[in-house]
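**Q** Let me see the structure of the following:
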Amino acid sequence: MLNKFRYILRRQQCRSIDNSDVNMEQLEKMVEQGAILLDVRSPQEYNEGHLEQSILIPEYELRMKAQQMLKDKQQTIIAYCSSGIRSKKAQKMLKQMGYTQVYNLYQGLENY
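**A** Below is the predicted model:
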């Protein structure tokens, strides 16, 4: 029972909006200003459809590939996935790695 409660709380934390989350309108404006779109889904999901101009680094490969593919740590990056959970994890991971301008597409692609 306690583990189920923790799971629900963790999931709720990933789904709550904060000032580093963006919606699709904000995303479009930020991309126009040079932001990088980072798809953190699997290659299969990416191949089934993705946002234009996005680059793929699956969340499970982010620690290995981020520094070679995302060289500028001050560059604005918007992470997204299907539901917003993996991209929220990726956002936190990138911030821990020293990236300063990392945003998350709130609730991922599921609402768009």
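**Q** residues contacting the residue nearest to Ile36 when sequence neighbours are not counted?
**A** For Ile36, the nearest residue in space outside its immediate sequence neighbours is Ile77; the separation is 4.9 Å by Cβ to Cβ, 6 or more residues apart in numbering. In this view, the C-beta of every residue, glycine as well, is placed from N, C-alpha and C. Going by Cβ atoms under 8 Å, 6 or more residues apart in numbering, Ile77 touches 35-36, 38, 70, 94, 99, 101-103.
**Q** The same query, at a cut-off of 10 Å, please.
**A** Ile77 makes contact with 30, 35-38, 55, 66, 70, 90-91, 94, 99-104 under the criterion Cβ atoms under 10 Å, 6 or more residues apart in numbering.
**Q** Over to Gln67?
**A** If a contact means Cβ under 10 Å, 6+ apart, then Gln67 has 73, 97-99 as its contacts.
**Q** any idea which helix or strand comes after the lowest-mean-pLDDT helix or strand in the chain?
**A** When the helices and strands of the chain are compared on mean pLDDT, DSSP states H and E, helix 2-15 comes out lowest with a mean of 53. From helix 2-15 onward toward the C-terminus, using DSSP states H and E, the following helix or strand is strand 21-22.
**Q** That next one pairs with which strands?
**A** strand 102-105 (parallel) (DSSP bridges).
**Q** Helices of the chain, start to end?
**A** Across the chain, reading from the start of the chain, the helices by DSSP state H fall at 2-15, 24-32, 43-48, 62-69, 85-96.
**Q** Least confident of those helices, on average?
**A** Of all the helices of the chain, helix 2-15 carries the lowest average pLDDT, namely a mean of 53.
**Q** which residues touch the closest residue to Met69 other than its chain neighbours?
**A** Spatial nearest neighbour of Met69, chain neighbours left out: Ile57 (6.0 Å); criterion: Cβ to Cβ, 6+ apart. Taking Cβ under 10 Å, 6+ apart as the criterion, Ile57 is in contact with 38-41, 46, 63-66, 68-70, 79, 90, 94.
**Q** Thanks again, I'm all set now.
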